[in-house]
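Chemist: give me coordinates for this.
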Amino acid sequence: MIATNVTTIGRCARVGMTALLATVGLCGTAFAQNYPTRPIEMTVGWGPGGGADVAGRTLARLLEPEIKVSIPVENVAGATGVTGLLKMINSQAEGYQIAIVTVDTYGLLNTPGQRWSMRDVIPLAVLTQQRSGYFVKEDSPLKTWADVEKAAAGNALKVALTGLGSSEDVVTMTVAKRRNLKLTSVPYARPGERYAAAIGGHVDLLYEQAGDIKGFIESKQLRPILFLANERGAPFENVQISKEIGLDLVADQFRTVAIKGGTPPDRVKFLEAGIAKVTASDEYKKYLIDQWADPKSVLLGESAISYISQEVETLGRLMK
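Modeler: Residues are numbered from 1 along each chain as shown. Sure thing, here's the model as predicted:
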């Protein structure tokens, strides 16, 4: 049973941001003077080597020369990204802690017992948007999605994903229910373990984004078998999509960078401006292309908050 009202989540996020902006006059420019004067720590709530880690380190590398301080990156994996997020939330609201937060973590707001809410964070930007889907090892006997459905009609197939209760888990259970399949979610907090499980045949399917496992795809170790999308896209024109099998389900992965709620608004705006500049650069655009991500991935400020709120609401409907 879902305890959180997802519509309220979006409203709280927007009200919270409005309240913060309204306090600019109270805070004055004193907060922004000489900011930043020391490194800004970035926490990634997932293990090294995955898409969230790459997104965070790419942003940190490009942003450092723009804001003139270093941005050390720390991986704090656990609890579907919540462990790392809480490290940032429990810091002082001074603008010296930021975090990479993914759809998997935001989606948990639809479940009871969470130790955080949208009031605790200010999304600075959506950094990437990527189509997601299911992958198998190259020599898997599952050649098509029809093979998956035939196999999962009788015996449970194991699906490697980020965590129980994550968006990937919710989507997988939705697919199982709508298609009458036996699918078992197997969580791996560390991306490397997740990929190794699929390549080694310890699980039958991997839920992931193609760009996150690009090296394994190009080296012929993993291959996509279904994308949860309405249209086929390069370079996977030959891979089936959910729309074609009669499954009305689109699930995009997105990754954001956020700061602690209550951070002085002029510091928030300073960081937003820096992020806006570096994500508009040719180098960042190339990164999105290399990751097979949507070229229009980046959303800033209120646009990011609105997008996140809508996605959380969609996940909430799936859970119901």
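Chemist: any idea how far Ala280 is from Thr184?
Modeler: Separation of Ala280 from Thr184 (C-beta to C-beta, to the nearest Å) stands at 43 Å. Placement of C-beta: from N, CA and C, glycine included.
Chemist: okay, these two: which has more neighbours?
Modeler: Thr184 (15 against 10; other C-beta atoms under 10 Å).
Chemist: is it correct that Ala276 falls within a helix?
Modeler: Yes: the assignment for Ala276, made by DSSP: H, G, I helix; E, B strand; the rest coil, places it in a helix.
Chemist: what about the nearest residue to it once chain neighbours are set aside, how many neighbours?
Modeler: Nearest non-adjacent residue to Ala276, counting by C-beta to C-beta, 6 or more residues apart in numbering: Leu300, 5.5 Å away. If you count neighbours by other C-beta under 10 Å, Leu300 ends up with 16.
Chemist: what residues are up against Leu300?
Modeler: Residues near Leu300 by C-beta atoms under 8 Å, 6 or more residues apart in numbering: 124-126, 272, 275-276.
Chemist: filter those to the buried ones?
Modeler: 124-126, 272, 275 (16 or more other C-beta atoms under 10 Å).
Chemist: inside strands: which ones of the residues you listed?
Modeler: Judged by DSSP state E, the subset of the buried ones among the contacts of Leu300 located in strands is 124-126.
Chemist: all strands of the stretch 51-200 of the chain, in order?
Modeler: For the stretch 51-200 of the chain, the strands defined by DSSP state E, counting those that start in this stretch occupy 73-75, 97-102, 121-137, 157-161, 183-187.
Chemist: chain neighbours aside, what residue packs nearest to Gly51?
Modeler: Closest to Gly51 by C-beta to C-beta, 6+ apart is Asp212, at 3.8 Å.
Chemist: before we move on, what about Leu161?
Modeler: Nearest to Leu161 is Glu168, by C-beta to C-beta, 6+ apart, at 3.9 Å.
Chemist: surely that neighbour touches Asp104?
Modeler: Yes: taking contacts as C-beta atoms under 8 Å, Glu168 lies within contact range of Asp104: 6.3 Å.
Chemist: now for the two: what residues contact both?
Modeler: Common neighbours of Glu168 and Asp104 (C-beta under 8 Å, 6+ apart) are Thr162.
Chemist: just to revisit the earlier point, need the winner for burial among the strands of the stretch 51-200 of the chain.
Modeler: Of all these, strand 97-102 has the most neighbours on average by mean count of other C-beta atoms under 10 Å, namely a mean of 26.
Chemist: partners of that strand, with directions?
Modeler: Taking DSSP bridges as the criterion, strand 97-102 forms sheet pairs with strand 41-44 (parallel), strand 252-260 (antiparallel).
Chemist: need the helices for the stretch 101-250 of the chain, in chain order.
Modeler: 103-107, 145-152, 167-179, 191-199, 214-218 (DSSP state H, counting those that start in this stretch).
Chemist: out of the ones you listed, which comes closest to Val257?
Modeler: Distance to Val257, taken as C-beta to C-beta, is lowest for helix 103-107 among the helices of the stretch 101-250 of the chain, at 12.6 Å.
Chemist: thinking again about what came up before, counting neighbours, what do you get for the residue nearest to Leu161?
Modeler: Neighbour count for Glu168, taken as other C-beta under 10 Å: 27.
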